[in-house]
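Asks: for reference, the sequence and a predicted model appear below.
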Amino acid sequence: MNLETYLTLDGSKTLYSKKFQEHYHSKNGAFTESQHIFIDLGFKFIEKPKINILEIGYGTGLNAIMTYKTNEKNPKKVLYHGIEKFPITNETFKDMGYIEYFNLTAQESIMFSKDWDKSLKISQNFKLLKQNVDFLNFIPKINYDLIYFDAFSPDTQAEMWTYEQLQKIINRLSVNGVFVTYCSRGDLKRNLRSLGMDLKRFSGPPGKRHIVRAIKH
């Protein structure tokens with residue numbers, strides 16, 4: 001996939017996909033966006049000592065790395081399952097600057113960027129499975145406590161955001177499980193409510209007016 005590196009306003013990098021004509025993260029700050037939506041409103045909100053996380057759209061691995069680093073400060077047992085149809089190359093991963101910024105070891109870097117479709121033990125408290133699969137063909141086989149939905153936007157990948165595709169993962173969300181995403185479109189909110197989710201809208205990171213967190217009851 002034809003990609004270009006882009007420097008965002010908080011000094012972190014993201015990628016621009018010529019195929020989808022979208023950036024992987026916010027141009028106003030890749031790190032800022034991931035921290036606000038997926039870490040602060042998602043991961044830190046879960047109080048369970050053991051958490052299964054599903055990420056739709058593993059992308060550059062940023063959300064996984066930030067979750068891992070956050071978990072080091074107050075460890076829980078985390079199983080992180082990311083799916084991605086178009087994995088980036090190891091060279092592209094190195095260009096993102098994550099290795100230096102997050103002080104990743106050589107082994108951690110390899111695990112977050114290579115070794116797809118393998119169960120990897122990154123630490124005593126963090127297991128990672130990166131699956132190279134099309135979400136449309138993905139069938140979840142375990143239950144999750146937290147879903148990071150980070151696909152390209154409905155304008156670009158409308159097929160990823162349909163009721164049917166959301167239903168198959170929401171069905172695998174545990175009671176009191178959490179769904180977080182950067183999108184707050186009306187049709188998404190209607191679909192989530194139809195699937196039995198309680199929604200709350202939050203102020204977004206710079207450049208985004210609102211984002212959504214939904215809880216399954």
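Replies: Received the coordinates, thanks.
Asks: residues in contact with stretch 43-57: which ones?
Replies: Contacts of stretch 43-57 from elsewhere in the structure, counted by CB atoms under 8 Å, 6 or more residues apart in numbering, are 63-64, 67, 70-71, 76-84, 135, 140, 142-152, 160, 169, 172, 174, 178, 213. No exception for glycine: its C-beta is placed from N, CA and C like everyone else's.
Asks: which helices and strands does the longest helix along the chain pack with?
Replies: When every helix of the chain is counted residue by residue (DSSP state H), the longest turns out to be helix 62-73. Other elements packing on helix 62-73 under the criterion 3 or more CB pairs under 8 Å, 6 or more residues apart in numbering; DSSP states H and E are helix 30-34, strand 50-56, strand 77-84, helix 106-113, strand 119-123, strand 126-132.
Asks: one more time with 7 Å, if that's ok
Replies: helix 30-34, strand 50-56, strand 77-84, strand 126-132 (3 or more CB pairs under 7 Å, 6 or more residues apart in numbering; DSSP states H and E).
Asks: tell me the contacts of Asn132?
Replies: 84, 87, 116-117 (CB atoms under 7 Å, 6 or more residues apart in numbering).
Asks: beta partners for it?
Replies: Applying DSSP bridges to Asn132 gives these bridge partners: Glu84.
Asks: okay, now the nearest residue to Gly29 once chain neighbours are set aside: neighbour count?
Replies: With sequence-adjacent residues excluded and distances taken as CB to CB, 6 or more residues apart in numbering, Gly29 is closest to Asp10, at 3.3 Å. Summarising burial for Asp10: neighbours were counted as other CB atoms under 10 Å, giving 15.
Asks: let's verify Asp10: helix, strand, or coil?
Replies: coil (DSSP: H, G, I helix; E, B strand; the rest coil).
Asks: that one against Ser34, yeah?
Replies: No: the pair Asp10 and Ser34 does not pass the contact test of CB atoms under 7 Å, sitting 10.4 Å apart.
Asks: how about low-confidence regions in this protein?
Replies: 1 (pLDDT under 70).
Asks: what is the neighbour count of Ser153?
Replies: There are 14 residues near Ser153, going by other CB under 10 Å.
Asks: and the gap between it and Tyr24?
Replies: Separation of Ser153 from Tyr24 (CB to CB, to the nearest Å) stands at 11 Å.
Asks: including distance to Asp40, could the helices and strands packed on helix 62-73 go into a markdown table?
Replies: A markdown table is the format used below for these (distance: least, CB to CB, whole Å):
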| stretch | distance to Asp40 |
| --- | --- |
| helix 30-34 | 10 |
| strand 50-56 | 15 |
| strand 77-84 | 16 |
| strand 126-132 | 19 |
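Asks: deepest-packed of the ones you listed, please.
Replies: Among the helices and strands packed on helix 62-73, helix 30-34 has the highest mean neighbour count (mean count of other CB atoms under 10 Å), at a mean of 24.
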